[in-house]
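Undergrad: Just a sequence and a predicted model for now, questions to come.
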Amino acid sequence: MERGRAPAVAAMGLTPIGSLPATQRLDLVIVLPLRNREALTNLLEDLCDLGSPHRGHYLTPQEFALRFGPTEQDYDAVSTFAQGLGLAATGTHPSRTLLDVSGSVADIEQAFNVNMLHARHTPRLTGATNWSCFWCLWWQGAGWNAG
């Protein structure tokens, strides 16, 4: 664990326990943004407008993916990019908004410029006796950009 990281982690109510083993495999989901957000907002308003002739005429999942989901080219590009970082694409979704990937802790840390920590959550409620352990991605630097 890097020096200087504990205070920031502690500010989130976490107590660092240690780093994850570099060879441990984890499953992640990459979330891709929707397209045509203004058109989506207009459609949602139209669907909810009591006076609209389109009220209640909802899109099928396929129609939604075509109009607002990432393009097939964008989805393929993200999958290729993830694989180039050492992650394996393990599942796809019809909406193309989610991509399941898997990789070792070492690959994930390098790909996303993070430190993977095992941490204990400090309950904020008085009298709480249980604590849970979970994985904490700690971003290093200003952020990650796929290019």
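TA: Looks like it arrived, so ask away.
Undergrad: Spit out the contact partners of the residue in the chain sticking out farthest from the centre.
TA: If you look at how far each residue of the chain sits from its centre, by C-alpha atoms, centre = their mean, the farthest one is Gly51, at 37.4 Å. If you count contacts by C-beta atoms under 8 Å, 6 or more residues apart in numbering, Gly51 has none. C-beta coordinates here come from the backbone N, C-alpha and C atoms, glycine included.
Undergrad: Confirm it sits in a strand?
TA: No - per DSSP: H, G, I helix; E, B strand; the rest coil, Gly51 lies outside any strand segment and is coil.
Undergrad: Please report the distance of it from Tyr58.
TA: With distances taken as C-beta to C-beta, to the nearest Å, Gly51 is found 17 Å from Tyr58.
Undergrad: hang on, the earlier thing: what pLDDT does the model give the residue farthest from the centre of the chain?
TA: Looking at Gly51, its pLDDT stands at 87.
Undergrad: what separates it from Ala39, distance-wise?
TA: Gly51 is 20 Å from Ala39, by C-beta to C-beta.
Undergrad: And Ala77, by the same measure?
TA: Distance of Ala77 to Ala39, given as C-beta to C-beta: 22 Å.
Undergrad: who has more neighbours, the two?
TA: When Ala77 and Ala39 are compared for neighbours, Ala77 comes out ahead with 15 against 12, by other C-beta atoms under 10 Å.
Undergrad: For the more buried one, I want the exact helix or strand it lies within.
TA: Assigned by DSSP states H and E, Ala77 belongs to helix 72-84.
Undergrad: What lies in contact with the helix or strand just after that helix?
TA: Going down the chain from helix 72-84, the next helix or strand is strand 88-92, by DSSP H and E. Here strand 88-92 makes contact (C-beta under 8 Å, 6+ apart) with 27, 75, 79, 82-83, 99-103.
Undergrad: Which of the helices or strands spans the nearest residue to Ser52 once chain neighbours are set aside?
TA: The spatial neighbour of Ser52 that comes closest, neighbours along the chain excluded (C-beta to C-beta, 6 or more residues apart in numbering), is Asp46 at 4.9 Å. Assigning secondary structure by DSSP H and E places Asp46 in helix 37-48.
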